[in-house]
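S.K.: one predicted model, sequence on top.
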Amino acid sequence: MEFSRKKISGYVMIATIFFVIIWFNFAYFRSQISSNHQSISEYNLSDEDIIPPADLAMAAFFYPADIYQTDENADGYVEHNQSKLKNFPRIIVEPHHGYRRAGALAAETFNQLKPFDEFYSNIILLGPSHQKFNGIALPKNGIIKTPFGELAVNQKIVGDLQKNPAAKGNQNYYTTKNSLNVQLPFIQRTFKSAKIIPVLYGKIEAKELADILAPYLKKRGVLMIIVADLAGYFLPINEDEQNPEIALRKNRHAFCSKTGIEVAVISAKKYGLVPRLLSASQTETDNNILIEAKGWSYDEPLEQTVLHGSELFYHNLRNFVRHHNKELLAVAEKSLVLAPKKRYKVKRKNYSNFLFNRGASFVKIYQGDKLINSYGEINAVRAVAADIARNIFHIMNSPEGLKITDKKSLRISLQLLTEPEEMHFSSYDDLLNQIEYGVDGLVLRSGKREGFLLPDMWLEVKDKDEFIGKLKIKAGLSPTYWSKDVKIFRFRVVEVKDDKD
């Protein structure tokens, strides 16, 4: 057979054109809908993200606790300053004077907390009662109203504290007139979703009170704010007196909330926290500096603030949602408009590159309060924007979705999931102890069986054991089934909310 150079050249030309076409198609396909290597649970912040630029901060005022009404003479607004804090505060000591004496100081302290607002899920608010009683008093209601709306009380923790002998028979001592109210406006302006645990104390030893609160303070994401009256506190501001323990020892005056400060000192020693003077309001006299009010912080040492596993994923994911919630909602809205006839194709040129990080989403669509359908996967296998579009398309093509005639009445609930983290446990009881009630979503795998439940399922169960039982059923197993081969993974969920909500 005669060797033809012309034919070989032709074949090479055809092959080259073929591979060029494939390459351009691949490049185009990747630029349109493929995912980045990084997942949304690995989202990293720049320095500019961690410390936001100056903005208008909270109003610097306190208000009359009995009528919940702001004062006309409040001193306006305090500009937001860059936080001096480089690590997570665990305890804050704040004055509870009126705003004319300490409002600006309190605002300064809370402004320094703003960069860390999403880290905290619960705030223990501890202050002295103006009535005489023994022990502690807690609120009866799950909601506390203020001029800025409502603050949610963590009823589970308050319920646990109510069982303590120190709280027995003291419910009536928790009234609207108390030392804690002065902190509420600042908490609302600073923390977006944290629940509060308000604790009033009467006559009680500081060691006993510290022991009562210790199980909750040791958990990550908890901040304790102690309100204290340190008026007439004659001490110069220098390095020695930045430690509240030294200041407490030197003080010769009787002052309100001495017990609260002792609780701060005891707790700080127990957890190895570092004291820091945040701010002080002062007046110079002939011989001394009159410290009218002080704000202290007890911070975790930097080496103790390293997050791991699900905590790190959760922290990263909340930052991801905070920075990209508008774009995520835009993807969901456009997907709903095109479905069920067409799936929305998310193009890179229209959105931030971060929306093409791998991510798992779970979508629920409601008509009014009625759930139409829900859909999502646990594993992050595609760009999060593409995953949202796919899930909405799937729901709208379900039998329930195809019956919808009026899309204007639809409401989308959009949740993003962290990467599942395997839990290691020695027994079933050990597993239950590790699970965080009301927070963790769980995946169960046993052989070829697998099921997962979102954290909102906690609203439908009474305890951890029932949650695991429903998880087994979801995986196609008996509620009583257990085996050494069972693997449990935990994950967290962050809801994408419209700013109008």
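M.R.: Looks like it arrived, so ask away.
S.K.: for the rest of this, base every contact and every neighbour count on C-alpha atoms.
M.R.: Fine.
S.K.: show me the helices in the stretch 151-300 of the chain, by range?
M.R.: In the stretch 151-300 of the chain, helices defined by DSSP state H, counting those that start in this stretch lie at 155-162, 184-190, 206-217, 244-250, 258-271, listed in chain order.
S.K.: export those helices to TSV and tack on mean pLDDT, mean neighbour count and distance to Lys168?
M.R.: Supplementary listing: these in TSV, determined by pLDDT from 0 to 100; neighbours: other CA atoms under 10 Å; distance: least, CA to CA, whole Å:
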stretch	mean pLDDT	mean neighbour count	distance to Lys168
helix 155-162	92	16	7
helix 184-190	81	20	25
helix 206-217	92	16	13
helix 244-250	48	14	30
helix 258-271	82	19	20
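S.K.: who wins for proximity to Gln367 among the ones you listed?
M.R.: For the helices of the stretch 151-300 of the chain, distance to Gln367 was read as CA to CA. The smallest value, 30.0 Å, belongs to helix 155-162.
S.K.: returning to that earlier point: out of the helices of the stretch 151-300 of the chain, which comes closest to Ile8?
M.R.: The nearest among the helices of the stretch 151-300 of the chain, by CA to CA, is helix 184-190 at 72.7 Å.
S.K.: now Arg90. Nearest residue, chain neighbours left out?
M.R.: Across the structure, with CA to CA, 6 or more residues apart in numbering as the measure, the residue nearest Arg90 apart from its sequence neighbours is Leu223 (4.9 Å).
S.K.: hmm, the one you found is touching Tyr120, no?
M.R.: Yes. The pair Leu223 and Tyr120 qualifies as a contact (CA atoms under 8 Å) at a distance of 6.6 Å.
S.K.: okay, the two: which has more neighbours?
M.R.: A direct count of neighbours by other CA atoms under 10 Å for Leu223 and Tyr120 places Leu223 higher, at 24 against 19.
S.K.: let me know the pLDDT of Ile22.
M.R.: As summarised for this prediction, Ile22 has a pLDDT of 72.
S.K.: try Phe356
M.R.: Phe356 is assigned 93 on the pLDDT scale.
S.K.: got it, and the one 10 residues further on?
M.R.: For Tyr366, the model assigns a pLDDT of 93.
S.K.: and for Asp49?
M.R.: According to the predicted model, the pLDDT of Asp49 comes to 39.
S.K.: output the contacting helices and strands for the host helix or strand of Val337.
M.R.: Assessed by DSSP states H and E, Val337 sits inside helix 309-338. Counting contacts by 3 or more CA pairs under 8 Å, 6 or more residues apart in numbering; DSSP states H and E, the secondary-structure elements packed against helix 309-338 are helix 384-396, strand 493-496.
S.K.: could you chop the chain up by domain?
M.R.: The chain breaks down into these domains under automatic domain parsing: 53-304, 309-419, 421-495.
S.K.: go through those domains and name the closest to Glu42.
M.R.: Distance to Glu42, taken as CA to CA, is lowest for domain 309-419 among these, at 6.1 Å.
S.K.: distance between that closest one and the chain's centre?
M.R.: Mean-position distance between domain 309-419 and its chain equals 21 Å (CA atoms, centre = their mean, to the nearest Å).
S.K.: in the protein, which helix or strand is least confident?
M.R.: The least trusted helix or strand in the chain, going by mean pLDDT, DSSP states H and E, turns out to be strand 56-59, with a mean of 23.
S.K.: which residues in the stretch 51-200 of the chain form strands?
M.R.: Listed from the start of the chain, the stretch 51-200 of the chain has strands (DSSP state E, counting those that start in this stretch) covering 56-59, 77-79, 89-95, 122-128, 136-137, 143-146, 149-152, 195-201.
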